[in-house]
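K.L.:
Return atomic coordinates for the entry below.
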Amino acid sequence: MVLKGEGGDIAQARHLAADFMARCQEEHGLAVSQRAMDLTQLVVSELVTNAYKHAPGPARMELRIDTGVVQVTVWDSNPVLPVAQAADASRVGRHGLEIVRAVAQGFEAHNDATGKHITARIALAYDPSGTCR
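P.N.:
Model prediction:
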C-alpha cells in the first residue's frame with residue numbers, strides 16, 4: 001500500500017491490516033489469534049503515524065505472512081533511524097516505538113539510499129498462558 005502522507009492514511013492502513021488478517025484466515029485457513037489481529041492493527045497504526053509525522057512525502061506499507069508471524073514493514077523517505085526512548089510514565093506522547101518493540105516478536109530498522117524500512121513481526125498464534133507459539 002502506498003501512503004500519500006495524509007491524515008486519513010493511518011485509519012486506512014489499520015483497515016487494510018484488519019482486512020489482510022481476515023483474508024489470511026478465510027482464504028488461506030491460517031490460525032490467526034484475536035491478539036494477533038489487534039496487535040497488527042496497533043503496530044500498523046504506530047509505524048504509519050511515525051512515518052506521517054517524521055518523513056516528508058509518501059510512505060509504503062507491506063504486510064506479509066512468514067512462518068507463523070505477520071511481518072509489518074513501513075518505508076518512509078527519512079533515512080534517520082528511530083531511537084526508542086527509555087520508558088517514562090510521566091512523558092506525554094512519543095511512546096509509539098516503545099509500544100511496537102514491547103508487543104512485537106521481532107523488530108528491525110535499517111536505512112538505505114531512499115529512506116528507511118521499519119519491520120515488526122507479530123506472532124499469529126497466542127497461548128493465553130503468555131507464551132507465543
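
K.L.:
How far does the helix or strand of the chain with the lowest mean pLDDT sit from its chain's centre?
P.N.:
Within the chain, no helix or strand scores below strand 2-3, which has a mean of 80 by mean pLDDT, DSSP states H and E. How far strand 2-3 lies from its chain's middle: 14 Å, per C-alpha atoms, centre = their mean, to the nearest Å.

K.L.:
which stretches of this protein have low pLDDT?
P.N.:
Applying pLDDT under 70 to the chain flags the ranges 5-7, 127-133.

K.L.:
List the single closest residue to Q41 in space, sequence neighbours excluded.
P.N.:
Nearest residue to Q41, sequence neighbours excluded (C-beta to C-beta, 6 or more residues apart in numbering): R14, at 4.8 Å. Quick note: C-beta positions are derived from backbone N, CA and C, even for glycine.

K.L.:
contacts for the helix or strand the one you found falls within?
P.N.:
Element membership for R14 (DSSP states H and E) is helix 8-28. With contact meaning C-beta atoms under 8 Å, 6 or more residues apart in numbering, helix 8-28 is reached by 1, 3, 30-32, 36-37, 40-41, 44-45, 48-49, 52, 59, 61, 63, 65, 70, 72, 124.

K.L.:
next structured bit after it?
P.N.:
Sequence order places helix 34-54 as the next helix or strand after helix 8-28, per DSSP H and E.

K.L.:
and the angle from that next one to helix 8-28?
P.N.:
In terms of direction (axes from the mean of the first three to the mean of the last three C-alpha atoms, to 10 degrees), helix 34-54 departs from helix 8-28 by 150 degrees.

K.L.:
How far off centre is helix 34-54?
P.N.:
In terms of C-alpha atoms, centre = their mean, the centre of helix 34-54 is set 4 Å apart from its chain centre.
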